[in-house]
Every structure is written in C-alpha cells, then in structure tokens.
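Q: Sequence isn't available, so here's the structure alone:
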C-alpha cells in the first residue's frame, strides 16, 4: 500500500498533488480498497452489503494503520530447528470505536487482530451548541502503555474525533492513531490543528462539506447505512 496527498476537485474525491495537507495524513490507495469504497458509495447498495464491504475494507485499512507496531522476538522450535522469531511486543492493542457508526469497523479489525482489547466512547452532538457531548466511556487499563486505534467511518467536521482523542489523552493514552473510511478537507485541517501528534489513515479525502455537514460526494450517513435507519 502507498500513501498520497489530495488536491482540489469540485465534485469528486481528492487525489494527486499536495493541497498542503499535514504529513500526519495517510491516504491508503490500494486498488481493492478503492474498489470496495466505490461500491459502498452507491446509494442502491443494501445495508447488508454495506456492512460486509465495511468489514472487508476495515481489515485492509488495518494493515496500514498497524504497519509499525512494536516488535520483539521469542525462542520457538519449528519442525526443523529452533529459532528467534518476531512477535508483537508490549501490552495488547486497543481498538476504540466512536459510537455508534465506529462499531462497524470492529469485525474486520478483530478478524486481523483477534487478541486486541476493545474500548468504547459514545458522543452525541448538542443540537444547540453543535459540540460533542460524551455519554459513555469504557476503556481497558494501562492505556499509557498501549497502542490505541480510534475508528469512525467519517472525518467530516472532526469535532467528535477531536473530542474523543482529547478524552483518551486525559485517560493516559499516548500512542494514538485515527482510522476512518472517508475524510473532508475541513475535518483534516481541524483535526491536525487540534492533535498534530496523531496520524490519520483514510481511504479517500473527498471534495468538501455541504451546508448540513455531510461529506461531498461522500456516501451519506454511515450509521444509517450500517444499521438501516433514517
């Protein structure tokens, strides 16, 4: 997999030369990811198909976001001989979806890393202030020693992602990565300004946000499409 930085477009996903995005942004441009993302964008795709594609694409994205996990070695015996073999080091990885839509990422990522711990953070947007309000938080212990991946399908305004990561930092988390399916330029910039130390991994950066805060062209409300709600 490789990474790229996006450029201006008026109606489609951003791609190509740099548009002054931060170095912390990583666009994972594997052909299988882009193919599955196109299928997910189609408004005629069923909720069942959408969930299946999200599971598949989250597994593929996880390979990139977990590329630099710390390693050590252990002594094992193969059917032929003994050897020092590489193995993951440190405390178990933590996957934390931002509820509710972020939970759609878990199946694929846990298929890849079944031993990972899972935390949850729940946020809703106050209708008056439009700011995120926390209503649920459950985390494993020793967060300061764990690699933590926050997952949410969309990085639109980035308000929820910014608040979630700030909360995790308050709980001691240090090695944090953010993984999403789609991002908007506005969200990328806001996120980088708030948390320049946290890398963002995404399949695509689209054109812009509309007046309702939806990513354009986007794929609609990810939670509604995952769960078949309106």
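A: Cool, got the structure. Keep in mind that this is a model prediction, so the values were computed, not measured.
Q: which of the residues in the one helix or strand residue 224 maps to are buried?
A: Residue 224 belongs to helix 222-227 when assigned by DSSP states H and E. Applying a neighbour-count criterion of 16 or more other Cβ atoms under 10 Å, one finds 222, 223, 225, 226 buried in helix 222-227. Backbone N, C-alpha and C define where each C-beta goes, glycine included.
Q: Packing partners of the lengthiest helix in the chain?
A: Longest helix in the chain by number of residues (criterion: DSSP state H): helix 47-65. Judged by 3 or more Cβ pairs under 8 Å, 6 or more residues apart in numbering; DSSP states H and E, the packing partners of helix 47-65 are helix 31-41, helix 106-112, strand 147-151, strand 175-179, strand 200-202, helix 222-227.
Q: Would you mind checking which of those scores lowest on average pLDDT?
A: Least confident of the helices and strands packed on helix 47-65, judged by mean pLDDT, is helix 222-227 with a mean of 80.
Q: which helices and strands sit right next to that helix?
A: Helix 222-227 packs on helix 47-65, going by 3+ Cβ pairs under 8 Å, 6+ apart.
Q: what mean pLDDT would you report for the helix it packs on?
A: The average pLDDT for helix 47-65 rounds to 91.
Q: what's the burial count for residue 78?
A: 8 (other Cβ atoms under 10 Å).
Q: Is it possible to get TSV of the buried residues of helix 222-227 that adds distance to residue 36?
A: Output for the buried residues of helix 222-227, formatted as TSV (distance: Cβ to Cβ, whole Å):
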residue	distance to residue 36
222	14
223	19
225	14
226	15
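Q: now, among those, which is nearest to residue 135?
A: Closest approach between those and residue 135, by Cβ to Cβ: residue 223, at 15.1 Å.
Q: Wait, that closest one touches residue 160, no?
A: No: with contact defined as Cβ atoms under 8 Å, residue 223 does not count as touching residue 160 (11.7 Å).
Q: so the residue positioned nearest the centre of the chain bridges to which residues?
A: In the chain, the centroid-proximal residue (Cα atoms, centre = their mean) is residue 179; its distance is 1.5 Å. Residue 179 has the following beta-bridge partners by DSSP bridges: residue 151, residue 201.
Q: quick one: it and residue 65 touch, right?
A: Yes: at 5.0 Å, residue 179 counts as touching residue 65 under the criterion of Cβ under 8 Å.
Q: so what sits against both of these two?
A: 149, 201 (Cβ atoms under 8 Å, 6 or more residues apart in numbering).
Q: where does the chain dip in pLDDT?
A: The model of the chain has pLDDT under 70 over residues 1-19, 127, 130, 230.
Q: Recalculate using a threshold of 50.
A: Applying pLDDT under 50 to the chain picks out residues 1, 5-12, 14-18.
Q: The helices and strands packed on helix 47-65: which one's closest to residue 23?
A: strand 200-202 (10.5 Å).
Q: helices and strands around the helix or strand following the closest one, which ones?
A: Downstream of strand 200-202, the first helix or strand assigned by DSSP H and E is strand 204-205. Here strand 204-205 touches strand 25-27, strand 182-183, going by 3+ Cβ pairs under 8 Å, 6+ apart.
Q: Burial-wise, tell me which of the ones you listed comes out on top.
A: strand 182-183 (a mean of 26; mean count of other Cβ atoms under 10 Å).
Q: Measure how far that strand is from the centre of its chain, please.
A: What separates the centre of strand 182-183 from the centre of its chain is 9 Å, taken as Cα atoms, centre = their mean, to the nearest Å.
Q: which other residues reach that strand?
A: The contact list for strand 182-183 (Cβ under 8 Å, 6+ apart) reads 25, 37, 153-156, 200, 202-206, 215, 218-219.
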